[in-house]
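Chemist: Curious how this folds, go ahead:
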Amino acid sequence: GLAAEWVAREAIDRVLPHGAVHQGIALLAEPLSSGAIEDLIDLPAGAHAVAVMLDQVTDPQNVGSVLRSAAAFGAAGVIVQDRHAPEETGALAKAASGALETVPLIRTVNLSRALGALREAGWWAVGLDQEAAAPLEDFAGHDRVVVVLGAEGAGLRRLVAESCDALAAIRMAAPGRRGAVDSLNVANAAAVALYVLANPRGL
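Modeler: Numbers count the residues shown, from 1 in each chain. This is a model prediction of the structure:
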């Protein structure tokens, strides 16, 4: 069974990341099992599925929020590049609000190769780009869609964008309309994209 050890608060501070909010309790746990691209490739034929891919989104709060949205809309997984994504820290887990335990966070070495493997398996890859002419809802009818989002500011890297079947934009308020903005935080964009793609008949 579990054995509790009473220690000074300073001892907990030393074993946790700087600035971690621990409220005087720390638990050493086994790492969560990670998913794999093969898990998405092997989904039963004909099953409607949506996944999210994040291209160099490094803020754990954003990744956690994307995981939370992925859980809310029943996404099959969130794919990140291993070298350019945050670890599963307390900050990420807190932002995910439990989704880290229910939605596979799939780490891969090369996003372009992962997209190629998914496309060969029948997935449709759509990269979000606010300059794209096509609206995202044009792709909501596909059985399997992976929506690819880039880091704020930088957007999708060229090779990742070229590995997508298409680029699409989230329709915003008309330019010049009072209060209109021309972009969304990556976590908010992921939530909107998941709603559009996971609920095609709800539009």
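
Chemist: If L128 is in a bridge, with which residues?
Modeler: Beta-bridge pairing of L128, defined through DSSP bridges, involves A168.

Chemist: burial of it, as a residue count?
Modeler: For L128, the count of nearby residues is 25 (other CB atoms under 10 Å). (Each C-beta comes from the backbone N, C-alpha and C, glycine too.)

Chemist: Quick one: residues contacting it.
Modeler: Taking CB atoms under 8 Å, 6 or more residues apart in numbering as the definition of contact, the neighbours of L128 are 136, 147-150, 156, 167-170, 189, 193.

Chemist: What's the separation between it and V196?
Modeler: According to CB to CB, to the nearest Å, L128 and V196 sit 11 Å apart.

Chemist: what's the answer for A132, then?
Modeler: Counting by CB to CB, the gap from A132 to V196 is 14 Å.

Chemist: Name the residue in these two with the higher neighbour count.
Modeler: The residue with more neighbours, out of A132 and V196, is V196; 24 against 16, by other CB under 10 Å.

Chemist: wait, isn't that one in contact with L136?
Modeler: Yes: using CB atoms under 8 Å as the test, V196 is close enough to L136 to be in contact (5.2 Å).

Chemist: Filter the contacts of L128 down to the ones in strands?
Modeler: In strands, judged by DSSP state E, the following of those are found: 147-150, 167-168.

Chemist: Could you export those as JSON lines, including pLDDT and distance to A47?
Modeler: Listed next are the ones in strands among the contacts of L128 as JSON lines, based on pLDDT from 0 to 100; distance: CB to CB, whole Å:
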{"residue": "V147", "pLDDT": "96", "distance to A47": "17"}
{"residue": "V148", "pLDDT": "96", "distance to A47": "20"}
{"residue": "L149", "pLDDT": "93", "distance to A47": "23"}
{"residue": "G150", "pLDDT": "90", "distance to A47": "27"}
{"residue": "L167", "pLDDT": "96", "distance to A47": "25"}
{"residue": "A168", "pLDDT": "95", "distance to A47": "22"}
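
Chemist: what's the overlap in contacts for L128 and V196?
Modeler: When contacts are counted by CB under 8 Å, 6+ apart, L128 and V196 are jointly contacted by 136, 170.

Chemist: that older thread, now do the shared contacts for V196 and L136.
Modeler: Here V196 and L136 share the contacting residues I170, scored by CB under 8 Å, 6+ apart.

Chemist: State the distance from R157 to P135.
Modeler: Separation of R157 from P135 (CB to CB): 23 Å.

Chemist: Which pLDDT value goes with the residue nearest to N185 when sequence neighbours are not counted?
Modeler: Of all residues not flanking N185 in the chain, E152 sits nearest, at 6.8 Å (CB to CB, 6 or more residues apart in numbering). E152 is assigned 74 on the pLDDT scale.
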